[in-house]
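Colleague: show me the folded form of this:
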Amino acid sequence: MHPLPYQPYLDQLIAHASAEERKPDLLSAKAEYFQRTGEIFEDDKQFEMRMASFLDYYLFDRRQAESGRTPAEEFLDARSAAGDAAEVAAFRAFTETVHGLFEVRKIKPGVVRLRELFGGKEFDVTERRHTVGLEKGDIIEARLIPFDGALVFSAAFCFHPREAVKAIKKEVKRRKKVMPEAPPVQLTWEAAKRALKADRYRQIAVDKIYDFESSRL
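Modeller: A predicted model of the protein is given here:
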C-alpha cells in the first residue's frame, strides 16, 4: 500500500495535538465524539477506522475552548514563521479539509470522483491505492485533504451499505427542506451510528436501521 503523501507532516501535527498538557482535552473530545457517532469497542470491525475518524475530527474540526481554533490552525500559526514554504503549505492543507457524506460518481485508475450530498459539489480525488469493494453509486463518509495540487483521502472512512443509499439520499433531501440551518455533519454522525449498528446486528434489515424518521438510536 502506498503511504499517504502527507503523513510526515501529519505526524508532526499529531505530536503537537497529543502533548501531555492536552490529554484532558483529548479525552473530553473523545467522549463527545463517540457519543455523537456511536460507542466503539475494540472487537468492532470498524474500530481502527473509527479511531482514525476521531483523530481527524480532533485535529481538523474541533475548536479549542481557549483559542477558538482547531489544533491544525494553531499548529499552522506556530510553524508559519519558522517553516519553509513546502512545510507551511502542507500544514495549511490540514486547515482546508473537506469532510462529509459523498456519493461515488465515477472510479477511474488513480482517480475517484465524488459528489457531496448536501451541496452537490463534485470532487476528483487522487487515489493510487486499490479501491477494493468501492463502486459507483456507493455512499461513504470521507475527508478530503488538498495536498500538493490534488485532493487526497485521509485515512478515515465510513462505508455505508448499498441498501442504505436510498434512505440516506431521502434524509438529506428532507433535512435540506425542513431544517436547512442544521449542520450537515449532524447527519454524517447519525449515519455513522447506523453503520455501526448495521455491522453489529446483521439479523436486522438495513432499511430498518437506516429508517431515519421512525427509528431512533
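
Colleague: same for the helix or strand of the chain with the lowest mean pLDDT, what does it pack against?
Modeller: Scoring the helices and strands of the chain by mean pLDDT, DSSP states H and E places helix 85-93 at the bottom, with a mean of 91. Packing partners of helix 85-93 (3 or more Cβ pairs under 8 Å, 6 or more residues apart in numbering; DSSP states H and E): helix 7-17, helix 71-80, strand 139-147. Heads up, the C-betas are built off the backbone N, CA and C, glycines and all.

Colleague: can you give me the strands in the protein?
Modeller: For the chain, applying DSSP state E gives strands covering 98-108, 111-116, 122-126, 139-147, 150-159.

Colleague: out of these, which one sits most buried?
Modeller: strand 139-147 (a mean of 22; mean count of other Cβ atoms under 10 Å).

Colleague: tilt between it and helix 85-93?
Modeller: Taking axes from the mean of the first three to the mean of the last three Cα atoms, to 10 degrees, one finds strand 139-147 and helix 85-93 inclined to each other by 150 degrees.

Colleague: start at 7 instead
Modeller: OK, 7 is where the count begins now, so the last one is strand 145-153.

Colleague: and strand 145-153, what's its mean pLDDT?
Modeller: When pLDDT is averaged along strand 145-153, the result is 97.

Colleague: list the strands paired with it, with their directions.
Modeller: Sheet pairing for strand 145-153, assigned by DSSP bridges, gives strand 104-114 (antiparallel), strand 156-165 (antiparallel).

Colleague: nearest to residue 59, out of those strands?
Modeller: With Cβ to Cβ as the criterion, residue 59 lies closest to strand 156-165 of the strands paired with strand 145-153, at 4.1 Å.

Colleague: for that closest one, C-alpha coordinates in PDB please.
Modeller: Taking Å, rounded to 0.1, in the frame of the first residue of the first chain, the C-alpha atoms of strand 156-165 are listed here in PDB:
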ATOM      1  CA  ALA A 156      -4.500  17.500  -5.700                       C
ATOM      2  CA  LEU A 157      -7.200  16.200  -3.300                       C
ATOM      3  CA  VAL A 158      -6.300  13.000  -1.400                       C
ATOM      4  CA  PHE A 159      -8.200  11.000   1.100                       C
ATOM      5  CA  SER A 160      -7.400  11.000   4.800                       C
ATOM      6  CA  ALA A 161      -7.000   7.600   6.400                       C
ATOM      7  CA  ALA A 162     -10.600   7.600   7.800                       C
ATOM      8  CA  PHE A 163     -13.800   6.400   6.100                       C
ATOM      9  CA  CYS A 164     -17.200   5.100   7.000                       C
ATOM     10  CA  PHE A 165     -18.700   2.900   4.300                       C
END
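
Colleague: got the angle for it vs helix 13-23?
Modeller: 60 degrees.

Colleague: list of residues touching strand 156-165?
Modeller: For strand 156-165, contacts defined as Cβ atoms under 8 Å, 6 or more residues apart in numbering pick out 10-12, 52, 55-56, 58-59, 61-62, 103-104, 129-133, 139-140, 144, 146-151, 197-198, 201.

Colleague: what's near enough to touch residue 123?
Modeller: So residue 123 contacts 106, 107, 108, 109, 145, 174, 175, 178, 190 (Cβ under 8 Å, 6+ apart).
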